[in-house]
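K.L.:
Next input, structure requested:
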Amino acid sequence: MKVEIWSDIACPFCYIGKRKFEKALAGFAGSENVEVIWRSFQLDPHTRYEPGKSIHDYLADKKGMSTAQAKEMNDYVSDMAASEGLNYQLDKTIPANTFDAHRLIHLAAKQGLEDKAEERLFSAYFIEGENIEDRQTLLKLGKEIGLDETEINQMLNSKDLRKEVEQDFIEARRIGVRGVPFFLFNEQFAVSGAQPSEVFIQALEKAKAEETPPQQMADSCDIGSNCS
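P.N.:
Prediction:
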């Protein structure tokens, strides 16, 4: 079974959705046969790091509200995260462009480390207050999950893996992804949003049932047989 997940590191619901999906997968019989593929998505490609600008300021500017109102919204999201065991520290979160972080995830995928990359980047952004647009930060995080320093530097100082990231964007548009997280099961049906784990369990069970061929009946008509 293949599960593709479109996600953005700067999306708080994507980290929450990751936890809920992991919980569902842990309780799914046959989880060892599930291939999880992380796909890139950018909620705001125009975001750039601005020294001193908080995530509350960023949200206020984007939504046209006061910083106090934005903080209330972020506090609500933090409470949601806490229910999944995630200790968001949004007062420390630094708004930043995520394109190079997505390239790092694609680099990690070449060594089967994409899930570790997703997890490390989410934690760095939402809990540790790291600037994930900064290349030295990405180098540090990549090394922490086991990537080679030379390979990381080569990627960051070139255009390597840009096409792979952009292809994920194109595929998202093709299948109609409007927001993330977005989970696609066996290229057949999707679950959108950080749904309850029970929803993901149902989706996994459905995908499993639909990929299992029905047993052939003992009395059947084959080509050339006299059944009429």
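K.L.:
Show me what the host helix or strand of A172 is packed against.
P.N.:
Assessed by DSSP states H and E, A172 sits inside helix 162-175. In terms of contacts (3 or more CB pairs under 8 Å, 6 or more residues apart in numbering; DSSP states H and E), helix 162-175 is packed against strand 35-40, helix 99-109. All C-beta spots, glycine's among them, are computed from the backbone N, C-alpha and C.
K.L.:
out of the ones you listed, deepest packed?
P.N.:
Of all the helices and strands packed on helix 162-175, helix 99-109 carries the top mean neighbour count, a mean of 23, counting by mean count of other CB atoms under 10 Å.
K.L.:
Moving C-terminal from it, which element do we reach first?
P.N.:
Heading C-terminal from helix 99-109 (DSSP H and E), you reach helix 114-126.
K.L.:
now the angle between helix 99-109 and that following helix, please.
P.N.:
150 degrees (axes from the mean of the first three to the mean of the last three CA atoms, to 10 degrees).
K.L.:
Only the buried residues of helix 114-126, if you could.
P.N.:
114-118, 120-122, 124-126 (16 or more other CB atoms under 10 Å).
K.L.:
contacts for the helix or strand following it?
P.N.:
Next in sequence after helix 114-126, counting helices and strands by DSSP H and E, comes helix 135-144. Helix 135-144 is contacted by residues 100-101, 104, 107-108, 117, 120-121, 124, 130-132, 149, 152-153, 156 when judged by CB atoms under 8 Å, 6 or more residues apart in numbering.
K.L.:
Between helix 162-175 and the helix or strand following helix 135-144, find me the angle.
P.N.:
Proceeding N to C from helix 135-144, the next assigned helix or strand is helix 149-156, under DSSP H and E. Relative orientation of helix 149-156 versus helix 162-175 (the same axes, to 10 degrees): 60 degrees.
K.L.:
contacts for helix 149-156?
P.N.:
Contacts for helix 149-156 (CB under 8 Å, 6+ apart): 100, 103-104, 107, 135, 138-139, 142-143, 160-161.
K.L.:
got the buried residues for it?
P.N.:
Going by 16+ other CB under 10 Å, helix 149-156 has these buried residues: 152, 155-156.
K.L.:
Okay, angle between that helix and helix 135-144 too, please.
P.N.:
On the basis of the same axes, to 10 degrees, helix 149-156 is oriented at 140 degrees to helix 135-144.
K.L.:
Output helix 149-156 as CSV - backbone C-alpha positions only.
P.N.:
Output of helix 149-156 as CSV, limited to C-alpha atoms (Å, rounded to 0.1, in the frame of the first residue of the first chain):
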residue,chain,number,x,y,z
GLU,A,149,27.7,17.1,5.4
THR,A,150,29.2,17.3,1.9
GLU,A,151,26.0,16.1,0.2
ILE,A,152,23.9,18.6,2.1
ASN,A,153,26.2,21.5,1.2
GLN,A,154,26.3,20.4,-2.4
MET,A,155,22.6,20.4,-2.6
LEU,A,156,22.1,23.7,-0.8
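K.L.:
follow-up on the earlier one: mind putting the contacts of helix 149-156 in TSV, pLDDT and distance to E84 included?
P.N.:
Formatted as TSV, these follow (pLDDT from 0 to 100; distance: CB to CB, whole Å):
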residue	pLDDT	distance to E84
D100	98	27
R103	98	27
L104	98	24
L107	98	27
R135	97	30
L138	98	25
L139	98	29
G142	98	25
K143	98	28
D160	98	34
L161	98	30
